[in-house]
Every structure is written in C-alpha cells, then in structure tokens.
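S.K.: this one's structure only:
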C-alpha cells in the first residue's frame, strides 16, 4: 500500500510539473487604444480619461480588466434580450468595438493619470465616511472599503477603483443598481437596495474625495 501511495503521489507531482503553463494575458496595442479614445471617447470622458462633466465617469487609472468587462456588459450577449448595463449611448459605441479594440482601450485608460474629483458636501461627510469605512450594520450594508480598499483604489480584476470618481456619477450608478437598469453585479444590486437616497449621496461624495 505504501508503494502504491508513493506512485500515486509521484504521478500527481509529475502531472503538476508537465501541465500546460498558464495562458499569457492577451496582448494589447496601446496605440490603437489611444486612437479609439481620442476619436470616440474624448467628447464625454475627456482627455486621457479625465472627464469634466459629473455625469460621465473618469476612466483614467481604472483597472483594465474592469473597463473591459464594462464594455462587454454594454453589449447584448447571446441568449439575452437586454444588456447587463443599459445605456443607449454606450451601447452604440461598444457595439462598434471588436474584442481586441475593447482590450486595447481598457489597457490605454489604465495607464493614464487620474485627476481626482473632490468631496463638496460637508453636511454629509461624516455619514459618507461611516458608510464607506464601517457600513450600516442594522441594514446589513458592508463597508465599501472591504472591497474597494480604504483609499478607493479597488482590487484589480475584482473590484473597481472608485476613489476620486465624480460624486454625481457614483450616485447615479448606485441608483442604477437599485432600479435594475444596471445588472452586472448581484452584490452591488443587493447593497444598493438597502441604501436610501441620502445615504447614496453621502457615500458618493465621500468617495469623490478619496485618494
């Protein structure tokens, strides 16, 4: 029995050694990403992804995997009737982008320097800080910092960077999760359903000032 166990262990070890190496990350063309950004995205998202209008998100320094996922979510996928993110403007732009275009564009924005927004609502600052750092226990709302990190930098490929984002945009997305027009995160849909309008406004403004 000991000999058999040894052979099994050796076989498993050998398989692990000679298994195919992990796939390399997709190659990207930053020049193509820059071209798309300057020709199609500049008007709304600003130079190098730093939008000046609060209704449009800042894309600079956002994790490439996250931006890529959002672009795919604006497209209606096979077997579905509607996109996970419903936005008439973005649906048109995303539909025109190939798989490679989306990866190139996402990679381009990731290496741009974010020009962060600022918090402006002093009356709601304490409430926003509490929600972000500690959550709301009696509503079962977890602390935002648990996923998006204490300074809002997020976790690449899992949770987006939110620090420095326009408060208006962040608030609008929390409401979109709550009303069902944005359906690409069950976690955020559940959390947003427990937040009041005032709580959304407070945490969105606090996030704008994070660095």
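M.R.: Sure, I can see it. Note that the structure is predicted; figures quoted are calculated from it, not measured.
S.K.: Now do the spatially most central residue of the chain against residue 55, distance only.
M.R.: Nearest residue to the geometric centre of the chain (CA atoms, centre = their mean): residue 160, 3.4 Å. Distance, residue 160 to residue 55, using CB to CB, to the nearest Å: 18 Å. Quick note: C-beta positions are derived from backbone N, CA and C, even for glycine.
S.K.: cool, residue 203 as well?
M.R.: On the measure of CB to CB, residue 203 and residue 55 end up 18 Å apart.
S.K.: Excluding chain neighbours, give the residue nearest to residue 111 in space.
M.R.: Among residues not flanking residue 111 along the chain, residue 30 sits closest, at 7.4 Å (CB to CB, 6 or more residues apart in numbering).
S.K.: What's the local residue count around that neighbour?
M.R.: Applying other CB atoms under 10 Å, we find 13 other residues in the vicinity of residue 30.
S.K.: quick one: contacts for the residue lying closest to residue 146 once chain neighbours are set aside?
M.R.: In this structure, residue 146 finds its nearest non-sequential neighbour in residue 135, 7.8 Å apart by CB to CB, 6+ apart. When contacts are counted by CB atoms under 8 Å, 6 or more residues apart in numbering, residue 135 is found next to 141, 142, 143, 144, 146.
S.K.: Domains of this protein: list them as residue ranges, please.
M.R.: According to automatic domain parsing, the chain comprises the domains 30-110, 122-208.
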